[in-house]
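# just coords:
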C-alpha cells in the first residue's frame, strides 16, 4: 500500500514524497516576499509560487485553509503574518492548446533552456527555474501534457505524481531578446 502524501504527525500536518519536494522548490526564498514563502492551502488544493513559477497540487486533505510554512521535513507550520497569497487562479490560462510531450533536449553549457519535443516542434522553457523534481516527473510520466497559447505566454504542465495528486505547474517562458 502506498504511503499517503499528506498525513498527521506529531499533531501537525506533514507533506511527504514528491509533493513535499515540489512545494518546497516553488516557494520564494527571499525573506522580503513573506506571503509567498508559504504555501496556500484551500479545499483540496495546495499552491506554491515564487513569482516566476506556480505549482498547484489537487489532492484530498483535511488541512484548515490558510498559509503554511513547509519545513525541511515537510511539516506544515501556520504562517503568522498577515500577508496575502497571490490570486493564483487568475494566472491559469484557459483555452490553451494541449500537446503531449514526446521527449526533450536537455541543458548544456550553451543552452540555458530545455526544449520539449512536441509533434516535430519544440517549446523552449527556462531551465533555471525548472526544478529537478519537475524534470524527473516529466521524464518518468507518460501522461504529462503541456499547454500554451503563444511562445511569450506561460507554459503549463499537467501530470500526476504518486498518491494520486494532480499537478499543474506553470512556468514563465524563456525570452531570447
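Received it, and whenever you're ready, just let me know what you need. Note that the structure is a prediction, hence the values are computed from the model and not measured.

# buried stuff in stretch 38-50?
Buried residues in stretch 38-50, defined by neighbour count with 16 or more other C-beta atoms under 10 Å: 38, 39, 40, 41, 45, 46, 47, 48, 49, 50. Heads up, the C-betas are built off the backbone N, CA and C, glycines and all.

# before we move on, what about stretch 154-172?
Buried residues in stretch 154-172 (16+ other C-beta under 10 Å): 154-159, 161, 163, 165, 167-172.

# what does stretch 10-23 give?
For stretch 10-23, by 16+ other C-beta under 10 Å, it's 12, 13, 14, 15, 16, 17, 18, 19, 20, 21, 22, 23.

# Same list, those residues, but as CSV with secondary structure and pLDDT please.
Shown next, in CSV, are these (DSSP: H, G, I helix; E, B strand; the rest coil; pLDDT from 0 to 100):
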residue, secondary structure, pLDDT
12, strand, 91
13, strand, 96
14, strand, 96
15, strand, 95
16, coil, 92
17, helix, 88
18, helix, 85
19, helix, 90
20, helix, 92
21, helix, 87
22, helix, 87
23, helix, 91
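
# hmm, back to that, can you tell me which of the buried residues of stretch 154-172 are in strands?
155, 156, 157, 158, 159, 167, 168, 169, 170, 171 (DSSP state E).

# Tell me the one among those nearest to residue 91.
Distance to residue 91 across these (C-beta to C-beta) is lowest for residue 170, with 6.2 Å.

# nearest spatial neighbour of that closest one, skipping sequence neighbours?
Among residues not flanking residue 170 along the chain, residue 54 sits closest, at 4.3 Å (C-beta to C-beta, 6 or more residues apart in numbering).

# name the element that neighbour belongs to?
Residue 54 belongs to strand 53-58 when assigned by DSSP states H and E.

# what's that strand in contact with?
Residues outside strand 53-58 that contact it (C-beta atoms under 8 Å, 6 or more residues apart in numbering) are 19, 22-23, 25-26, 44-49, 88, 91-92, 129, 165-172.
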